[in-house]
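Peer 1: please find the sequence and the predicted model below.
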Amino acid sequence: MQEQIKALKAAFPYTLPVMTGYLFLGMAFGILLNSKGYSFKWAIFMSIIIFAGSMQYVAIELLTVAFDPLNAFFMTLMVNARHLFYGLSLLGKYNEAGKKKLYLMFGLTDETFSILCATETPAEIDKGWFMFFVTFLNHSYWITACALGGILGSLVSFNTKGIDFVMTALFVVIFINQWKSQKHHAPALIGISASVICLLIFGAQNFIIPAMGLILITLGFYRKPFEKEAEKCYLPSNSHSS
């Protein structure tokens with residue numbers, strides 16, 4: 001138990017910025033979901049089961065139209081395709097987590113990825129439990145914020161026009177933070193260029209998967225020049241053991 005408590009205390013400070021962001025994003029989701037006639041219980045349920053902010057916003061629209069499972073599947077794949085790349089880059093770290101790896105894979109979000117990618121586990125802290133509590137705390141923040149938004153939406157009337165723009169703002173902030181934290185910006189520029197090209201060719205509704213594929217091919221082609229820089233972020237550190 002002492003080991004888990006130490007890991008929780010070590011993880012908590014790193015998740016505070018996420019808690020602040022999730023408070024507004026989650027409440028916006030809860031309010032928007034409530035405006036469509038769904039109670040805060042649905043906000044909690046979706047946050048526990050789905051735990052994907054952008055997809056939960058999309059799911060609100062899917063709940064208000066005729067049921068189309070094939071369309072829902074492809075929409076989910078396009079919206080969350082980036083997590084395939086996140087997961088691949090964290091395989092080395094997650095292999096050290098034992099049975100906790102399953103929850104870590106489920107709970108991987110943009111914000112959790114950023115923390116785990118940019119943070120070294122503090123000395124004398126178990127890496128697996130540290131990653132677990134970073135993920136668990138972020139998940140807890142999201143569930144709580146969505147529930148609060150659903151409750152608030154049922155008590156106060158809101159004009160929800162434009163409220164779904166918060167996810168776009170979040171991705172912009174994440175990109176800016178990642179840009180500032182890295183010395184070499186070639187991978188980011190490749191990502192932007194590939195996305196713009198695919199957007200022009202395939203349109204706004206269908207560009208995500210082709211863009212991800214083009215990014216993967218391009219980065220694979222230039223793998224060696226980027227390899228040393230990428231290892232600093234993705235490969236597990238051997239500086240301390242648990």
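Peer 2: It's in. Numbers count the residues shown, from 1 in each chain.
Peer 1: now do the same for the nearest residue to residue 215 once chain neighbours are set aside: helix, strand or coil?
Peer 2: Closest residue to residue 215 apart from its sequence neighbours, by C-beta to C-beta, 6 or more residues apart in numbering: residue 194 at 4.7 Å. C-beta coordinates here come from the backbone N, C-alpha and C atoms, glycine included. Secondary structure state of residue 194, per DSSP: H, G, I helix; E, B strand; the rest coil, is helix.
Peer 1: what sits against residue 194?
Peer 2: The neighbours of residue 194, taking C-beta atoms under 8 Å, 6 or more residues apart in numbering as the test, are 211, 214-215, 218.
Peer 1: can you check residue 135 too?
Peer 2: Shown here is residue 135, whose contacts under the criterion C-beta under 8 Å, 6+ apart are 103-104, 107-108, 112.
Peer 1: could you check the pLDDT of the closest residue in space to it that isn't next to it in sequence?
Peer 2: Once flanking residues are discounted, residue 135 sits nearest to residue 107: 3.9 Å by C-beta to C-beta, 6+ apart. At residue 107, the predicted lDDT confidence score is 90.
Peer 1: make sure residue 107 is actually in contact with residue 136.
Peer 2: Yes: in this structure, residue 107 sits in contact with residue 136. The criterion is C-beta atoms under 8 Å, and the distance is 7.1 Å.
Peer 1: got TSV for the contacts of residue 194, with secondary structure and neighbour count too?
Peer 2: As requested, the contacts of residue 194 are arranged in TSV below (DSSP: H, G, I helix; E, B strand; the rest coil; neighbours: other C-beta atoms under 10 Å):
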residue	secondary structure	neighbour count
211	helix	24
214	helix	19
215	helix	20
218	helix	15
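Peer 1: pLDDT and distance to residue 27 added to these, as a markdown table?
Peer 2: Below are the contacts of residue 194 laid out as a markdown table (pLDDT from 0 to 100; distance: C-beta to C-beta, whole Å):
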| residue | pLDDT | distance to residue 27 |
| --- | --- | --- |
| 211 | 83 | 30 |
| 214 | 86 | 36 |
| 215 | 82 | 33 |
| 218 | 85 | 38 |
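Peer 1: tell me the domain boundaries of the protein?
Peer 2: Domain segmentation of the chain under automatic domain parsing yields 2-163, 182-236.
Peer 1: hey, which of the ones you listed is tucked in deepest?
Peer 2: domain 2-163 (a mean of 17; mean count of other C-beta atoms under 10 Å).
Peer 1: can you name the next helix or strand after the lengthiest helix in the chain?
Peer 2: Among the segments of the chain that qualify as a helix by DSSP state H, the longest is helix 2-35. Elements were assigned by DSSP states H and E; along the chain past helix 2-35, the next helix or strand is helix 40-49.
Peer 1: secondary structure element holding the residue lying closest to residue 18 once chain neighbours are set aside?
Peer 2: Of all residues not flanking residue 18 in the chain, residue 111 sits nearest, at 4.5 Å (C-beta to C-beta, 6+ apart). Secondary-structure assignment from DSSP H and E places residue 111 in helix 110-118.
Peer 1: and that helix, what does it pack onto?
Peer 2: Helices and strands in packing contact with helix 110-118 are listed as helix 2-35, helix 82-89, helix 127-155, helix 166-181, helix 223-234; criterion 3 or more C-beta pairs under 8 Å, 6 or more residues apart in numbering; DSSP states H and E.
Peer 1: any chance of TSV for the domains of the chain, columns distance to residue 175?
Peer 2: Written out in TSV, the entries for these read as follows (distance: least, C-beta to C-beta, whole Å):
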stretch	distance to residue 175
domain 2-163	10
domain 182-236	7
